[in-house]
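[1] Kindly generate the corresponding structure for this input.
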Amino acid sequence: MILPLLLVIATFTLLLAGPADTVLTRHRLSRRATAIAHRASTLPPRTTAAPLLRTAVSPRDAWLAAHIPGANTLQSRLARAGNPCSLSALCAAALLLAISLATLALALGLSLPTAIPTAAATTFAATLGATATAIRRRRAAFTRGFPDAVALIVRSLRAGLPIAGAVTEAGRAGANPTADVFAKVAEEMRLGQPLETALWAAAANVRLADFDFLVVTIALQGETGGNLAETLAGLDETLRMRRQLALKVKAMAAEARASALIIGCLPFAMGALLWATSPEYLLPLFTTAMGRALVAAGLFSLGVGALIINQLMQVEA
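    Residues are numbered from 1 along each chain as shown. As a prediction, this is how the structure comes out:
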């Protein structure tokens, strides 16, 4: 009775986490904006309001980060993924998954000391995999839009805008992850943060070599001078050539990827066909200890092979 009750509680917690977090975030930001307005006149010289806004964290997320080991890592991974959900919502989803897996393991006949570690390990791996997938997708979307943002900055500089204005224009170019990063940089500049400081803070979050090169170029130009538009134009051309090369390699590897997918699906297709025609032929795989061990070994080998093929298909342009 305890596990189903915990499952129901976790389900309601997950459903209420999103709306409650939205309401609390709006109330918290409203109070913080009022506090900043009252403290603006008392700020010491060369102090900006940007750090005050960056510390605006949900109380639940702050409590989780302070009391749960590894919560800070999850929070940083969510930030790199563009904050698709709050830390509390992610923890609620992980708790729901762990309880569901533990209940399923107990229903399949596993003992409690075995079911709980198995569910915990599976939940941990699933959480890391989900955040890694979100980070990878956001990085890919940022990489796709970054050359256009650099080209827009180049055109703005050639039109006579300063670099701060060019970065602001890049932040207004749309709702893609690239524009979001430049919009955050522009927002921090409006709050009094220097351009280089805001760019380096964004680079620490993006963690992309191309963006780091852009920040270094802008920083060096501010110290030594030079034609920044021509330098960024060369960066834009390099980025577009690398993108074209990556697309060509991806197209050339499409046949091998399709072959790997077909080969990976063949065991399951043959198993389904045999189960439909001669189910007694496959029963020993699920009713005997040796058969279950062979099924586990086969699934493990398929997973390892899929990971190896996936790594071979990855191309860093």
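
[2] Within the helices and strands, which one has Gln244?
    Using DSSP states H and E, Gln244 maps to helix 228-252.

[3] typed the wrong thing, it's Phe142
    According to DSSP H and E, Phe142 maps onto helix 112-158.

[4] same deal with Leu214?
    Remark: Leu214 resides in helix 209-224, with elements defined by DSSP H and E.

[5] so where's the stretch 51-200 of the chain uncertain?
    Applying pLDDT under 70 to the stretch 51-200 of the chain flags the ranges 51-58, 174-175.

[6] run the last query once more with 90
    Low-confidence segments of the stretch 51-200 of the chain (pLDDT under 90): 51-95, 97-98, 101-153, 155-181, 183-184, 187-197.

[7] Gly87: neighbour count?
    Let me fix one detail, which is that residue 87 is Leu and not Gly. Applying other Cβ atoms under 10 Å, we find 26 residues neighbouring Leu87. Placement of C-beta: from N, CA and C, glycine included.

[8] doesn't Arg77 make contact with Arg207?
    No. In this structure, Arg207 is not within contact of Arg77 by Cβ atoms under 8 Å, at 11.3 Å.

[9] Compare those two and say which is more crowded by neighbours.
    Neighbour comparison, Arg207 and Arg77: the larger count goes to Arg77, with 18 against 11 (by other Cβ under 10 Å).

[10] other SSEs contacting the helix or strand that comes right after the helix holding Phe142?
    Sequence order places helix 163-171 as the next helix or strand after helix 112-158, per DSSP H and E. Helices and strands touching helix 163-171, by 3 or more Cβ pairs under 8 Å, 6 or more residues apart in numbering; DSSP states H and E, are helix 112-158, helix 177-190, helix 195-206, helix 209-224.

[11] Turn the ones you listed into a markdown table, columns for mean neighbour count and distance to Pro279.
    Compiled in a markdown table, the helices and strands packed on helix 163-171 are given as follows (neighbours: other Cβ atoms under 10 Å; distance: least, Cβ to Cβ, whole Å):
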| stretch | mean neighbour count | distance to Pro279 |
| --- | --- | --- |
| helix 112-158 | 17 | 28 |
| helix 177-190 | 20 | 50 |
| helix 195-206 | 18 | 53 |
| helix 209-224 | 15 | 55 |
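
[12] Among these, which comes closest to Leu294?
    Proximity to Leu294 (Cβ to Cβ) singles out helix 112-158 among the helices and strands packed on helix 163-171, at 19.8 Å.

[13] Okay, angle between the closest one and helix 163-171 too, please.
    Using axes from the mean of the first three to the mean of the last three Cα atoms, to 10 degrees, one finds that helix 112-158 and helix 163-171 are set 120 degrees apart in direction.

[14] okay, the angle between helix 112-158 and helix 195-206?
    150 degrees.

[15] Specify the angle between helix 112-158 and helix 209-224 in degrees.
    Angular relation of helix 112-158 and helix 209-224 on a 0 to 180 degree scale: 40 degrees, by the same axes, to 10 degrees.

[16] same for helix 112-158, what does it pack against?
    Partner elements for helix 112-158 (3+ Cβ pairs under 8 Å, 6+ apart): helix 71-80, helix 87-107, helix 163-171, helix 177-190, helix 209-224, helix 228-252.

[17] hmm, who's touching the fourth one?
    Contacting residues not belonging to helix 177-190 are listed as 48, 50, 82, 138, 141-142, 144-146, 148-149, 164, 167-168, 170-173, 195, 197-199, 201-202, 205-206, 211 [Cβ atoms under 8 Å, 6 or more residues apart in numbering].
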